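>>> Give me a 3D structure for the following:
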Amino acid sequence: MQVDSRLPTPLLKVSGLTRYYGARIGCAEVGFELWPGEVLAVVGESGSGKSTLLKLLSTRLAADAGTIEYALLGRGLTELSRLSEAERRWLLRTDWGFVEQNPRDGLRMDGSAGANVGERLMATGARHYGEIRATAQDWLARVELDPARIDEAPTRFSGGMQQRLQIARNLVTKPRLMLMDEPTAGLDVSVQARLLDLLRELVTRYGLAAVIVTHDLAVARLLAHRLLVMQGGRVVETGLTDQVLDDPQHPYTQLLVSSVLHL
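Numbers count the residues shown, from 1 in each chain. Predicted coordinates:
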C-alpha cells in the first residue's frame, strides 16, 4: 500500500521509549507524537521519570528500548539512532534547542553574551563578524536584554537574565524543536512571571514545537497545549492541558492537582 505523502506528519514520534538504571525503572514504554508548533509539558513529582525522558529525547542518554523519530528537513521521519554522531551533533546545534534548568550549564560563562549567541551561528557556518554581532544584538533585544551589554560576561547577569540569554543562544539558529528542563525553576516569582510571558510569546511568534519538563502545573497550564503525566517512569495520563488539569482521571493526577489547589 502506498503512503499518501500529503498526510500530515508529526515533527517528533516517540514509541516504547524505555530506560533502566539497574533494576530501577527510569522511563518505561513512553510514546507520543509532537506536531509542529505544539507544546507538550511533562509533569510529575521528582523521580517520576521526567528528566530521564528529556535526556533520552536529547540523545544525551541511550535508550534500552524504543525509538525516537524526527522529521528531518528533506528526509522526513528518521530514527535518531540511525544518524551518525556528526549528524546528531549538527541537529542539536541547528534544528534543536535545549534550555537547561541552570542557565550556567547551558552557557559558556567565560565568554561574552554576544559570543554565547554568536557561537551557535558560527557552528552553522556563519563567518562575517559584523553580521554575527548584529544578529546577536538583535536576539538580545528579542529576549529583553540590553544589546549594549553584548560584550559583558554572563557572570554579570542575574539568574533571570542568564536564562533569557540561554534562550537567545538556542533560538538564534531558528530551531523547530525546543527541549526545556524546568526553565523557570529557582527564579523569583516576579522574574518567573516575566520569563513565562516571554516564552509564551516566543513560542507563538516563531511557531516552535517544545517539550517542557516541569513540576509546576501553573507553568504547564500557561505554556502547554497537551500534558503528559508521569509516575514511576510511566505515563499515567495524557490529554489536552485544560482537560487534564480541570478533570483529572488518574488518581495520581488528581493528587497532583489537589496538592496545588490546597497550597
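>>> Spatially central, which residue of this structure would that be?
L179 (1.6 Å; CA atoms, centre = their mean).
>>> what helix or strand does that one sit in?
Remark: L179 resides in strand 177-181, with elements defined by DSSP states H and E.
>>> Give the partner strands of that strand in its sheet and their orientations.
strand 96-99 (parallel), strand 209-214 (parallel) (DSSP bridges).
>>> List the buried residues of the helix or strand that it is followed by.
Downstream of strand 177-181, the first helix or strand assigned by DSSP H and E is helix 189-206. Across helix 189-206, burial judged by 16 or more other CB atoms under 10 Å covers V191, Q192, L195, L196, L198, L199, L202, V203. All C-beta atoms are positioned from the backbone trio N, CA, C, and that covers glycine.
>>> closest to D246 among these?
Nearest to D246, judged by CB to CB, of the buried residues of helix 189-206 is L196 at 19.8 Å.
>>> for that closest one, what are its contacts?
T184, V219, L222, L223 (CB atoms under 8 Å, 6 or more residues apart in numbering).
>>> so which of those is the most crowded?
Top of the contacts of L196 by neighbour number is T184, holding 24 neighbours under the definition other CB atoms under 10 Å.
>>> Quick check: that residue touching Q192?
Yes: look at T184 against Q192 with CB atoms under 8 Å: they come within range, at 4.5 Å.
>>> just to revisit the earlier point, please convert the strands paired with strand 177-181 to CSV, extending it with mean pLDDT.
As requested, the strands paired with strand 177-181 are exported to CSV (pLDDT from 0 to 100):
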stretch, mean pLDDT
strand 96-99, 95
strand 209-214, 96
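>>> for these, which one ends up most surrounded?
strand 209-214 (a mean of 24; mean count of other CB atoms under 10 Å).
>>> quick one: contacts of the helix or strand just after that one?
Later in the chain than strand 209-214, the nearest helix or strand by DSSP H and E is helix 217-223. By CB under 8 Å, 6+ apart, the residues outside helix 217-223 that reach it are 39, 41, 43, 184, 196, 199-200, 203, 210, 212, 214, 227, 241-242, 245, 256-257, 260.
>>> Do I have it right that L12 meets L72?
No: if you go by CB under 8 Å, L12 and L72 don't touch, sitting 11.0 Å apart.
>>> hmm, back to that, looking at the strands paired with strand 177-181, which is closest to G160?
That would be strand 96-99 among these, by CB to CB, at 13.1 Å.
>>> For whichever helix or strand comes after that closest one, buried residues please.
Later in the chain than strand 96-99, the nearest helix or strand by DSSP H and E is helix 113-123. Residues of helix 113-123 classed as buried: A113, G114, A115, N116, V117, G118, E119, R120, L121 (neighbour count, 16+ other CB under 10 Å).
>>> which one of these is nearest A168?
Nearest to A168 among the buried residues of helix 113-123, with distances taken as CB to CB, is V117, at 5.4 Å.
>>> Spell out the residue ranges of the strands in the stretch 1-150 of the chain.
Under the criterion DSSP state E, counting those that start in this stretch, strands of the stretch 1-150 of the chain are mapped to 12-21, 24-34, 39-43, 65-72, 76-79, 96-99.
>>> Noted, bye for now.
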